[in-house]
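A.B. asks: Here you go, sequence then predicted model.
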Amino acid sequence: MSAPHHRPEPLAPARELFDVPEDVAYFNTASLAPTLRAGLDAGTAALRWRAQPWRIGAGDWFGAAEERRGLFAALIGAGADDIALVPATSYGMAVAAANLDAAPGSRVLVLADEYPSGIYTWWRFTERTGARMLTVRREAGQSWTEAVLAALDDSVAVVSVPQVHWTDGTWLELERIAEAARGTGAALVVDASQSAGAVPLDVGVLRPDFLVSVGYKWLLGPFGLGYLYAAPAHQDGRPLEENWILRQDSQDFAALVDYRTAYQPGARRFDVGARTAFELTPMAIAALRQLTAWTVPRIAATLETTTALIAQHARRRGLHVPGPHGPHMLGITLPARLQQATARALERSGVFVGARGNALRISPHLHTTAHDVDRLFDALDTALGHPPAS
C-alpha cells in the first residue's frame, strides 16, 4: 500500500525577497521571473570580482559551476553527473535530437501550439532521419494526457512533451505518458522550462531520455544559464561542440596542450563552452539555494492556492479557464481580437500578464499577494467592460 498523500504546508508570503515595487502586480513568471534580491546582491558582487581577474583562481573556473549543477540536479531527483550546463532550451533540445534516432516513416509526437524551439528542432530531426511529425490536438473535453495517450502507438519513435502547456498552463500527467512511452519503446524528451522549480519533478520516476529547462523562469535565475538532464544510457553520446573545459583533466591548465580524447564524467560532455559564466553563475546559485530552502513541493502548494483563487475569480465572471492546469500557472481564454489589447490595458494599470496562444497566461510566484489578485481583476473588469464582481 502506498503512503497516504499529505499536502505540503504552504509557504509564508515572500514579497520582500523580490525586487517588485508595491505599485506593480507581476503575473508573468512564465516569461521572465523577477530576480531575487539575493540574486541581485550575488550578481553585483560577482561583477566586482570579475572586474579584477587577478582575484580569479584556477579552481574558480569549476567550483561554482559544479555547485550550480548539483543544486539543479537535487531539485529534479538526479545526480550531478546526470546534468549538463546549457544556455537555452534550443541547445538542450539539439543535444537530445543529435543523440536520438528514428526509422524512416516513424513519428515524433509533439503537442499542437507547443513552444517553437522544440518544434524547429524536431523538424530538422525528421529531415535527417526520414521520420514524420505527429502533432497532437485535444478534442472537446479531452485533457492533454488523454490526447497524447490516444495518439501514442508503436509508430512513435520520440515523445517530446512538457509538464504544462506553455500557453495556458494546462497539465500533462507525465508519469502516465512516460510509462506509455516506455511500453511502446519511444524515447521521451521533456521540456521542463515551465515547471522545473515550481512543480515536483522526479527523473528517477519518469526516466526520461532527456529533460531540459531554462533557468530564468521558475528557477528564478539569470538569462542564459539552463540545464539538461541526460539519462545514463546517453551519457557517452556526442556533444554539439568540442570545448576545452569538458575534457578530462581540464583543471590542469598547464597541461591543456596535452590534448585528450576522454571527457569529464557523466553528462558534462554536453556542457556549453564558457559554462563558467563568472558574472551570472552566482545569481543562479543564489536562486537555486532559495528554491532548495523553500522546497519545490511547498512552492507548488503555495502557488496552487493563488492560482485557485485566480481561477475562482475568473469563472465567477464567466471567463473560461482551460483545465486541468498546473498549480503554478493558468490561462484565461479570450477572443483573439481582445487578447493583445487586454494585455496592454492591464500593463497600463501596472498589471503584467502574458498573451500566448488564445489565452492571457497568468503566472504568479511567491511575490504575489491577495492585493495583486484584486488589482488583476479590477484591471480586467475595466479592460473588458465588465461590472465589478460582487
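C.D. replies: Done, it's in.

A.B. asks: After the helix or strand of the chain with the lowest mean pLDDT, which helix or strand is next?
C.D. replies: Counting by mean pLDDT, DSSP states H and E, the chain has its least confident helix or strand at helix 336-348, which shows a mean of 91. Sequence order places strand 351-352 as the next helix or strand after helix 336-348, per DSSP states H and E.

A.B. asks: who are the neighbours of that following strand, in terms of helices and strands?
C.D. replies: Here strand 351-352 touches strand 25-26, helix 370-384, going by 3 or more C-beta pairs under 8 Å, 6 or more residues apart in numbering; DSSP states H and E. The way it works is simple: take the backbone N, C-alpha and C, and place the C-beta from them, glycine included.

A.B. asks: would you turn the ones you listed into a markdown table with mean neighbour count and mean pLDDT?
C.D. replies: Below are those laid out as a markdown table (neighbours: other C-beta atoms under 10 Å; pLDDT from 0 to 100):
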| stretch | mean neighbour count | mean pLDDT |
| --- | --- | --- |
| strand 25-26 | 22 | 98 |
| helix 370-384 | 17 | 96 |
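
A.B. asks: Using JSON lines, lay out the ones you listed together with distance to residue 35.
C.D. replies: Shown next, in JSON lines, are these (distance: least, C-beta to C-beta, whole Å):
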{"stretch": "strand 25-26", "distance to residue 35": "12"}
{"stretch": "helix 370-384", "distance to residue 35": "18"}
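
A.B. asks: nearest to residue 240, of these?
C.D. replies: Among the helices and strands packed on strand 351-352, strand 25-26 comes nearest to residue 240, with 34.5 Å by C-beta to C-beta.

A.B. asks: gap between the strand or helix carrying residue 161 and the chain center?
C.D. replies: Assessed by DSSP H and E, residue 161 sits inside strand 156-162. Counting by C-alpha atoms, centre = their mean, to the nearest Å, strand 156-162 is centred 17 Å from the centre of its parent chain.

A.B. asks: Quick one: distance of the least confident helix or strand of the chain to the chain centre.
C.D. replies: Worked out by C-alpha atoms, centre = their mean, helix 336-348 lies 25 Å from the chain centre.

A.B. asks: Show me where the stretch 151-300 of the chain has its helices.
C.D. replies: Assigned by DSSP state H, counting those that start in this stretch, the helices in the stretch 151-300 of the chain fall at 174-184, 203-206, 281-294, 296-316.

A.B. asks: next one: the stretch 1-150 of the chain
C.D. replies: For the stretch 1-150 of the chain, helices defined by DSSP H, counting those that start in this stretch occupy the ranges 37-50, 63-75, 89-98, 116-129, 144-151.

A.B. asks: residues making contact with the third one?
C.D. replies: I take that to be helix 89-98. Contact with helix 89-98 is made by 84, 86, 115, 117-118, 120-122, 124-125, 160, 189, 191, 193, 209-210, 212-214, 226-228, 230, 237-240, 270, 272, as judged by C-beta atoms under 8 Å, 6 or more residues apart in numbering.

A.B. asks: switch the cut-off to 6 Å
C.D. replies: 86, 117-118, 121, 125, 189, 193, 210, 212, 214, 228, 240, 270 (C-beta atoms under 6 Å, 6 or more residues apart in numbering).

A.B. asks: Which one of those is nearest to residue 36?
C.D. replies: Nearest to residue 36 among the contacts of helix 89-98, with distances taken as C-beta to C-beta, is residue 214, at 16.3 Å.

A.B. asks: I'd like to know how far the closest one sits from residue 355.
C.D. replies: Distance, residue 214 to residue 355, by C-beta to C-beta, to the nearest Å: 20 Å.

A.B. asks: Same drill for the two, tell me which one is more crowded.
C.D. replies: Under the criterion of other C-beta atoms under 10 Å, the comparison of residue 214 against residue 355 puts residue 214 first, with 27 against 20.

A.B. asks: Could you dump the helices of the stretch 1-150 of the chain into TSV and include mean pLDDT, mean neighbour count and distance to residue 326?
C.D. replies: Compiled in TSV, the helices of the stretch 1-150 of the chain are given as follows (pLDDT from 0 to 100; neighbours: other C-beta atoms under 10 Å; distance: least, C-beta to C-beta, whole Å):
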stretch	mean pLDDT	mean neighbour count	distance to residue 326
helix 37-50	98	16	24
helix 63-75	98	20	16
helix 89-98	98	24	18
helix 116-129	97	17	18
helix 144-151	98	18	11
